[in-house]
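Chemist: Here's my sequence, what's the structure:
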Amino acid sequence: MNGLLIILALIMFAATYPTRALPLLAPGFERLPAPVFAYLRLVGPAILAALAAVNVMVVTSSGRPTFHIGIEWLAVLACLGLTVWRRNLLVGLIAAVGLTAVARAVGIA
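Modeler: Residues are numbered from 1 along each chain as shown. You can find the predicted model right below:
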């Protein structure tokens with residue numbers, strides 16, 4: 001199972017890296033039309049939000065997808081709040097992962 005997750009991570013990297021690396025690799029990137037610039041700038045956060053939503057809301061332990069409410073919701077809200085407040089996605093992600101890890105270690109989640 002872990003090997004499949006590594007392959008999936010590599011596929012996701014290959015799918016999202018070109019849009020994230022475009023500003024570094026393309027000269028004159030900032031001269032693109034505003035809608036194109038905004039789209040390319042927001043592709044990464046949009047993909048991350050979609051992955052978070054699926055992992056937070058859906059549980060398939062019974063074979064059928066079911067709506068789930070747990071500590072993950074609080075972690076996503078903390079990530080969102082910190083990211084907006086600090087304008088730094090890394091800070092929000094670290095807080096969300098830390099919150100989830102502590103909750104699971106304590107036995108809350």
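
Chemist: what pLDDT does Leu24 get?
Modeler: At Leu24, the pLDDT value in this model is 69.

Chemist: Does Gly70 touch Arg104 like I think?
Modeler: No. Gly70 is beyond contact range of Arg104, at 10.3 Å (criterion: Cβ atoms under 8 Å). No exception for glycine: its C-beta is placed from N, CA and C like everyone else's.

Chemist: who's more crowded, these two?
Modeler: Each of Gly70 and Arg104 has its neighbours counted (other Cβ atoms under 10 Å); Gly70 has more, 14 against 11.

Chemist: so how many other residues sit close to the nearest residue to the more buried one once chain neighbours are set aside?
Modeler: Nearest in space to Gly70, with sequence neighbours left out and distances taken as Cβ to Cβ, 6 or more residues apart in numbering, is Ala109 at 5.8 Å. Residues within reach of Ala109, counting by other Cβ under 10 Å, total 15.

Chemist: which residues does Ala109 contact?
Modeler: Taking Cβ atoms under 8 Å, 6 or more residues apart in numbering as the criterion, Ala109 is in contact with Gly70, Ile71, Glu72, Thr100, Ala103.
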